[in-house]
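[1] structure for the following, please:
(one chain, ligands or ions: 1)
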Amino acid sequence: MYHNREFENMVQNVIGQSEQAVHDLEGQMQGRVTARGDEYYENARKVWNGAVDHYPVAIAFCESAEDVQAAVRTARAHNLPVSVRSRGHDAAGRSVRSDALVIDLSLMDHVQIDDQVATVAGGATAAKVIAAAAARNLMAVTGWNGVPGITGLTTVGGYGPLIASHGLALDSLTGAELVLADGQRLTVDRDKNPDLLLALKGGGGNFGVVTWMKVRLHPARQVLGGMILFPWGEAETVLAGMARQ
Ligand SMILES: Cc1cc2nc3c(=O)[nH]c(=O)nc-3n(C[C@H](O)[C@H](O)[C@H](O)COP(=O)(O)OP(=O)(O)OC[C@H]3O[C@@H](n4cnc5c(N)ncnc54)[C@H](O)[C@@H]3O)c2cc1C
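    Below is the predicted model:
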């Protein structure tokens, strides 16, 4: 067998760096870190598209902006690439990059509404925002489906049933907080760093890690049409009910 000692040393060095990075990060984060070889890893690396089969070094389940800062700074200190995952619904699986540290935001999913503005954590689903808004008779501009992350959806545009009256999801984005590549936190809105706010509006994400966004909600007025979806388990009852009409 062909042996290249220099190459082997290089591989060992990279593995060593990654292990050290995971070890350092575990000591700094409030949330959990799962790495290759541990029992949670296989499940944690999955995304919505089952055909995506990426093997990151580790996945950091962040619980706060401070956790995100720790993950970014640790990755930087160990020369580790990063990818950011909100709810993992990108069809190409770009949120989980092989040989990288995945910054997972799914535990940061709170939604708070003041007046007609929702402050939405970076890992919230569209469904969570819709439900919180609906409880106040307000509507959130999202997609047709509640499962994608609202941040991932908004930063790529976000087309849905309200497009005719309120445009894309990005049109309701008024501000955000990001953790930048150097680990600093930055707030953006119409007055502070407006160019970065513009970049978030459809620029495809990854201009930093969005820890929260502010989105304008809209009063729910007259509804003229729409879809009613039932769970598969209720199919028999629903079809029987329709047959009786
Ligand atoms: C079943 C299904 C239904 C869909 N329906 C619609 C629809 O009706 N309308 C529509 O417009 N789109 C729709 N989409 C597309 C979906 O909105 C995009 O794929 C969106 O990017 C998914 O967001 P996510 O957070 O779930 O994905 P992720 O895979 O987690 O993220 C997508 C991208 O955004 C980046 N990103 C995510 N969160 C952050 C963050 N907080 N900070 C920085 N970067 C981040 C990721 O790194 C990745 O590159 C649908 C997708 C699926 C799978």
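
[2] these two touch, right, Leu170 and Gly204?
    No. If you go by Cβ atoms under 8 Å, Leu170 and Gly204 don't touch, sitting 11.0 Å apart. (Each C-beta comes from the backbone N, C-alpha and C, glycine too.)

[3] what residues are shared contacts of those two?
    Thr155 (Cβ atoms under 8 Å, 6 or more residues apart in numbering).

[4] more crowded one of those two?
    More neighbours surround Leu170 than the other of Leu170 and Gly204, with 20 against 13 (other Cβ atoms under 10 Å).

[5] give me the pLDDT for that one.
    On pLDDT, Leu170 comes in at 97.

[6] for Ala164, same thing?
    Ala164 carries a pLDDT value of 91.

[7] kindly report the same for Phe7.
    66.

[8] please apply the same query to His3.
    pLDDT at His3 comes out at 61.

[9] ok, Met227 next?
    You'll see Met227 listed with a pLDDT of 80.

[10] check the gap between it and Thr74 for me.
    44 Å (Cβ to Cβ, to the nearest Å).

[11] ok, those two, which is more surrounded?
    Ranked by neighbour count (other Cβ under 10 Å), Met227 and Thr74 place Thr74 first, with 26 against 6.

[12] pull the contacting residues for the residue lying closest to the more buried one once chain neighbours are set aside.
    Of all residues not flanking Thr74 in the chain, Leu25 sits nearest, at 4.5 Å (Cβ to Cβ, 6 or more residues apart in numbering). Listed by Cβ under 8 Å, 6+ apart, the contact set of Leu25 reads 33, 58, 60, 70-71, 74, 101.

[13] now, the most widely separated pair of the residues you listed?
    Ala58 and Ala70 (12.8 Å; Cβ to Cβ).

[14] show me how the chain divides into domains.
    5-104, 111-219 (automatic domain parsing).

[15] what's the end-to-end length of the first one?
    With Cα to Cα, to the nearest Å as the measure, the ends of domain 5-104 fall 36 Å from one another.

[16] measure Arg244 to Thr237 for me?
    Taking Cβ to Cβ, one finds Arg244 at 11 Å from Thr237.

[17] higher neighbour count, the two?
    More crowded of Arg244 and Thr237, by other Cβ under 10 Å: Thr237, with 10 against 5.

[18] what kind of secondary structure is Ala118 in?
    Of the three states, Ala118 takes strand under DSSP: H, G, I helix; E, B strand; the rest coil.

[19] from the centroid of this structure, which residue is nearest?
    Ser86 (1.5 Å; Cα atoms, centre = their mean).

[20] what stretches of this protein score poorly on pLDDT?
    1-3, 7, 9-16, 205 (pLDDT under 70).

[21] 80 instead?
    1-17, 204-206, 226 (pLDDT under 80).

[22] show me which residues of it sit near the ligand.
    Residues of the chain found near the ligand (Cβ under 6 Å from any ligand atom) are 48, 83-90, 94-95, 105, 122, 143-145, 147-149, 151-153, 155-160, 205-206, 209-210.

[23] now that we have those, which of them are buried?
    83-90, 94-95, 105, 122, 143, 148-149, 151-153, 155-160, 205, 209-210 (16 or more other Cβ atoms under 10 Å).

[24] quick one: the helices in the chain?
    Applying DSSP state H to the chain gives helices spanning 5-28, 41-44, 65-77, 126-134, 150-156, 163-166, 194-200, 235-244.

[25] for His218, list the residues it contacts.
    Taking Cβ under 8 Å, 6+ apart, one finds 116, 138-141, 162, 165-166, 172 in contact with His218.

[26] write a ChimeraX command that selects only the buried members of those residues.
    Listed next is the ChimeraX selection for buried residues among the contacts of His218, using 16+ other Cβ under 10 Å:
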select :138,139,140,141,162,166,172
